[in-house]
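Colleague: what's the 3D shape of this:
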Amino acid sequence: MIIYESYNQAIPSGFVVFDSDMMVAGINHRVKEALTFVKAKNLWLEFERDYTNPSDSNAIKIIGCSKALLGGIERHFIGFVPRGIAKYISQSKFYDKVQPILSNILANDYTVENIFLGNIEIKFHIIGPVELYQTYQTATAYNELIFHLNSVNRSILQICEVGDIVSLWVKPDKSGVVVFTNKGGLMGGEGKMGYVPRHLQERIIENISKGGLYNSEIISISDESCEIKNQELTPEEVKRIGQEAMDRYYKRIADEIS
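Modeller: Now for the predicted structure:
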């Protein structure tokens, strides 16, 4: 059974999209709940903070909701907000100001001898009040940025591993930030892995355009997702590091001459 639904849910008056087409994380660990949800009618999503999560104190659950046949609401825990986005929302104190809406569903319910062999993807937008849009885009929660890639290139993920160094590249028209790997001899566009989530793009573009940099590496990876950790270096830090390197170089030359 193949299910594909593209949702164009009406955004409430006074709200705008803060982040678009986010992938529900960890959904493959909750296939039964996710399939039950997508086969129902009148679907919507809700956030639920997971304060007691032992591996991530910033975790935000995604609850798939639907109208029950005999009234009431059915609720299914289907996955999480990607870790980097959840940390941003939690630490920037946006949790009670934003909400999810369905973007699209792709599900292939292929099961053999009770083993699920199909695939399921659920994407969502994050929306919030229009007056907070600029604040959401520019809020600074931390200088260590952690995010899951958007628009993942799965064929490239197959050659990547945890610990691999990756690069951030700002598109010439500044319409997005692309993540690349040069592993396996890939060059230029061949190594495109995916995009930085929109809520971090403006901050990254501004920092890079002023001379800042990012030390970026893969910290988790699966067939359909990749999590990147980025240590932000401000323009001032880049200049300081460059000057220290030059000082060491000239000292080494002076020592060799003497």
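
Colleague: surely Ala86 touches Phe80?
Modeller: Yes - using C-beta atoms under 8 Å, Ala86 is in contact with Phe80, at 6.7 Å. (Each C-beta comes from the backbone N, C-alpha and C, glycine too.)

Colleague: higher neighbour count, the two?
Modeller: Ala86 (26 against 23; other C-beta atoms under 10 Å).

Colleague: who is the residue most central in space within the chain paired with across the strands?
Modeller: Closest residue to the average C-alpha location of the chain: His148 at 2.9 Å, with C-alpha atoms, centre = their mean. On the basis of DSSP bridges, His148 is bridged to Glu227.

Colleague: where does the chain dip in pLDDT?
Modeller: Within the chain, the stretches falling below the threshold (pLDDT under 70) are 1-5, 112, 116-117, 138-143, 188.

Colleague: determine the longest helix present in the chain.
Modeller: When the chain is parsed with DSSP state H, its longest helix is helix 235-257.

Colleague: so what does it touch, helix or strand wise?
Modeller: Using 3 or more C-beta pairs under 8 Å, 6 or more residues apart in numbering; DSSP states H and E as the contact test, no helix or strand touches helix 235-257.

Colleague: dump it to PDB, restricted to CA.
Modeller: Extracted C-alpha coordinates of helix 235-257, given in PDB (Å, rounded to 0.1, in the frame of the first residue of the first chain):
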ATOM      1  CA  PRO A 235      35.600  37.000  11.800                       C
ATOM      2  CA  GLU A 236      37.600  38.200  14.800                       C
ATOM      3  CA  GLU A 237      38.500  34.600  15.700                       C
ATOM      4  CA  VAL A 238      39.500  33.800  12.200                       C
ATOM      5  CA  LYS A 239      41.800  36.800  12.100                       C
ATOM      6  CA  ARG A 240      43.300  35.900  15.500                       C
ATOM      7  CA  ILE A 241      43.900  32.200  14.400                       C
ATOM      8  CA  GLY A 242      45.400  33.400  11.100                       C
ATOM      9  CA  GLN A 243      47.700  35.900  12.900                       C
ATOM     10  CA  GLU A 244      48.800  33.200  15.400                       C
ATOM     11  CA  ALA A 245      49.600  30.900  12.500                       C
ATOM     12  CA  MET A 246      51.700  33.600  10.700                       C
ATOM     13  CA  ASP A 247      53.500  34.400  14.000                       C
ATOM     14  CA  ARG A 248      54.500  30.700  14.400                       C
ATOM     15  CA  TYR A 249      55.600  30.600  10.700                       C
ATOM     16  CA  TYR A 250      57.800  33.700  11.000                       C
ATOM     17  CA  LYS A 251      59.200  32.400  14.400                       C
ATOM     18  CA  ARG A 252      60.100  29.100  12.800                       C
ATOM     19  CA  ILE A 253      61.900  30.900   9.800                       C
ATOM     20  CA  ALA A 254      63.800  33.100  12.300                       C
ATOM     21  CA  ASP A 255      64.800  30.100  14.300                       C
ATOM     22  CA  GLU A 256      66.100  28.300  11.200                       C
ATOM     23  CA  ILE A 257      68.100  31.400  10.100                       C
END
